[in-house]
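Undergrad: below are the sequence and a predicted model; questions follow.
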Amino acid sequence: MKLNTNFKNIAESYLFSDIAHKVNAYTAAHPDKKVLRLGIGDVTLPLAPAVIAALHSAVDEMAVKETFKGYGPEQGYAFLKDSINGYYARKGVQLDSDEIFISDGAKSDLGNILDLFDRHNTVLVPDPVYPVYVDTNTMAGRKIIYMNATAENGFLPMPDYSVDADIIYLCSPNNPTGAAYGKEQLKEWVKYANNKGAIILYDAAYECFITDDSLARSIFEVEGAKTCAVEFCSFSKTAGFTGTRCGYTVVPKAINADGLNLNKMWLRRQTTKFNGVPYIVQKGAAAVFTEEGQRQIKQNIAVYQQNAAIIAKCMDELGIWYTGGKNSPYIWLRCPKCMTSWQFFDYLLENAQVVGTPGAGFGKNGEGFFRLTAFGSREVTEEAVARIKKLLTE
Ligand code: PLP
């Protein structure tokens, strides 16, 4: 037996374990101090009542012979795919429900989609980046090239025609930078991908945070995207499903290459390797699109948006440069006093007992930057902001 030695090339991710180690050491040495965490990318508000009611009723259906469900369609039940289709239609995007595939979350599909692509494709990813794109391609032995996301380009790199890429990752609104592409910028990317015969893997996991109408909530709002893009989306941040697990991927029918159709390949891949998301979970997810569900999830999203605005206002008052905060739950700030990411991490922990995420953990261009998240409670956010403000104006 021979193992996949590409695994030797995956950098160990020490970021969150290093953070946990430092925070644990600090709390052990200072048991009297209250540490406030603005580092996590997980939601904190519970599922919406409409979702809970749908979950309960689906559980009851499972107890009755007439309504019990066994295996479902691998690509998802029509009731959920049609609800998602309606959601896209309201954004002005016309899809066929067969272009929508239900999954247990965006992370799985982002990794699994790579089954459809030859190992010899060149992959283009921004730096800094959500590490999953890099690690999944490294596992498959693909060549990765990086595009610089920097303060100069607002952490939104644009296409460079001198670079030949086959698979392009775009994440907007971005994790970790919070930066979000405008429709005009995405038009440039779509033009580049169609010109190069490349595919854009578009991660829209944070689309629900977009408030500005000049930004795209889906790459399919851009003409020409249906011949060059696949979109990944999730109920995780939209509706608090990080633990419940449900997402969806849009694979247009118009993408063809090498005598193959991408949509048909993905259906074949999913029906071969995946047996679908639980009926109960899909029922809960469908409730997100009811009038009541939409009203309730928007209330939750508004709580996080207000937290983001509170953090962003603090940065404005301190004169600290940042991206995100608006259209995103993340605030990506330049570390004050020319500190490195980890120096600022230590400085905040020791002097304000606030935990964030050092930007250097997301790539070399993240050095000197720091990520704060809006997913905490209002009380924690307000207290953390007050402590940061006090520390940095002392
Ligand atoms: N994409 C991005 C950019 C993320 O930040 C995350 C989770 O934090 C995911 C995808 C994963 O989403 P899911 O929970 O649907 O797997």
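TA: All right, it came through fine.
Undergrad: mind checking how far Phe289 is from Gly178?
TA: 26 Å (C-beta to C-beta, to the nearest Å). Any C-beta I mention is one placed from the backbone N, CA and C, and that applies to glycine too.
Undergrad: please read the previous query as pertaining to Ala225.
TA: 23 Å.
Undergrad: then Lys107?
TA: 19 Å.
Undergrad: between the two, who's got more neighbours?
TA: Taking neighbours as other C-beta atoms under 10 Å, Lys107 and Gly178 compare with Gly178 leading, 28 against 19.
Undergrad: what's the local residue count around Gly243?
TA: For Gly243, using other C-beta under 10 Å, the count is 9.
Undergrad: oh, that last question was meant for Thr242, not what I typed.
TA: Neighbour number of Thr242 under other C-beta under 10 Å is 16.
Undergrad: tell me the secondary structure at it.
TA: Secondary structure state of Thr242, per DSSP: H, G, I helix; E, B strand; the rest coil, is coil.
Undergrad: which non-adjacent residue is nearest it?
TA: Ser236 (4.6 Å; C-beta to C-beta, 6 or more residues apart in numbering).
Undergrad: surely the one you found and Tyr248 touch.
TA: No: with contact defined as C-beta atoms under 8 Å, Ser236 does not reach Tyr248; the gap is 11.3 Å.
Undergrad: what's next to stretch 300-320, contact-wise?
TA: 38, 43, 45, 48, 208-209, 211, 238-240, 321-322, 324-326, 328-331, 333-334, 336, 372, 374-376, 378, 381-382, 385, 388-389, 392-393 (C-beta atoms under 8 Å, 6 or more residues apart in numbering).
Undergrad: just checking: which of those also lie near the ligand?
TA: Among the contacts of stretch 300-320, no residue is within reach of the ligand (C-beta under 6 Å from any ligand atom).
Undergrad: which ones among those residues map onto strands?
TA: In strands, defined here by DSSP state E, the members of the contacts of stretch 300-320 are 322, 324, 330-331, 333-334, 372.
Undergrad: buried ones among those?
TA: 322, 324, 330-331, 333-334, 372 (16 or more other C-beta atoms under 10 Å).
Undergrad: let me see the domain layout of the protein.
TA: The chain breaks down by automatic domain parsing into domains covering 13-42+292-393, 49-289.
Undergrad: got TSV for those, with mean pLDDT too?
TA: Listed next are the domains of the chain as TSV, based on pLDDT from 0 to 100:
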stretch	mean pLDDT
domain 13-42+292-393	96
domain 49-289	97
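Undergrad: nearest to Asn6, of those domains?
TA: domain 49-289 (4.4 Å; C-beta to C-beta).
Undergrad: about what we covered before: and after whichever strand or helix holds the residue nearest to Thr242, which helix or strand comes next?
TA: Using DSSP states H and E, Ser236 falls within helix 235-239. Sequence-wise, the next helix or strand downstream of helix 235-239 (DSSP H and E) is strand 247-250.
Undergrad: run me through the strand neighbours of the helix or strand just after that following strand, direction for each.
TA: Once strand 247-250 ends, the next helix or strand along the chain (criterion: DSSP H and E) is strand 256-257. Its sheet considered, strand 256-257 pairs with strand 260-261 (antiparallel) by DSSP bridges.
Undergrad: ok, residues contacting the strand it pairs with?
TA: With C-beta under 8 Å, 6+ apart, strand 260-261 has contacts from 253, 255.
Undergrad: centre of the chain versus it, how much separation?
TA: Centroid displacement of strand 260-261 relative to its chain, using C-alpha atoms, centre = their mean, to the nearest Å, is 28 Å.
Undergrad: likewise stretch 377-394?
TA: 26 Å.
Undergrad: from here on, count from 37
TA: Sure, I'll start counting at 37 from here, so that last one is stretch 413-430.
Undergrad: could you export it as CSV, CA atoms only?
TA: Extracted C-alpha coordinates of stretch 413-430, given in CSV (Å, rounded to 0.1, in the frame of the first residue of the first chain):
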residue,chain,number,x,y,z
SER,A,413,-22.9,38.6,22.4
ARG,A,414,-23.8,42.3,22.5
GLU,A,415,-22.5,42.6,26.1
VAL,A,416,-19.2,40.9,25.3
THR,A,417,-18.7,43.0,22.1
GLU,A,418,-19.5,46.3,23.9
GLU,A,419,-17.2,45.4,26.9
ALA,A,420,-14.4,44.3,24.6
VAL,A,421,-14.6,47.5,22.5
ALA,A,422,-14.6,49.6,25.6
ARG,A,423,-11.4,47.8,26.9
ILE,A,424,-9.7,48.1,23.5
LYS,A,425,-10.5,51.8,23.3
LYS,A,426,-9.2,52.4,26.8
LEU,A,427,-6.0,50.5,26.2
LEU,A,428,-5.2,52.2,22.9
THR,A,429,-5.9,55.7,24.1
GLU,A,430,-4.0,55.5,27.3
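Undergrad: for that stretch, buried residues please.
TA: 416-421, 423-425, 427-428.
Undergrad: which residues touch that stretch?
TA: 72-74, 80, 339, 342-343, 346-347, 350, 353-354, 356, 372, 383-384, 387-390, 408, 410, 412.
Undergrad: ok, of these, which come out buried?
TA: 72-74, 80, 339, 343, 346-347, 350, 354, 356, 372, 383-384, 388-390, 408, 410, 412.
Undergrad: which of these fall within helices?
TA: 339, 343, 346-347, 350, 354, 383-384, 388 (DSSP state H).
Undergrad: please name the residues that touch Gln330.
TA: Val324.
Undergrad: so is it in a helix, a strand, or just coil?
TA: Looking at Gln330 with three-state DSSP, the answer is helix.
Undergrad: ok so, going back, and the domains of the chain: which comes nearest Met37?
TA: domain 85-325 (17.3 Å).
Undergrad: ok, and the closest non-adjacent residue to the closest residue to the ligand within the stretch 287-430 of the chain?
TA: Nearest residue of the stretch 287-430 of the chain to the ligand, counting by C-beta to the nearest ligand atom: Tyr366, 8.9 Å away. In space, and not counting its chain neighbours, Tyr366 is closest to Gly214: 3.8 Å by C-beta to C-beta, 6+ apart.
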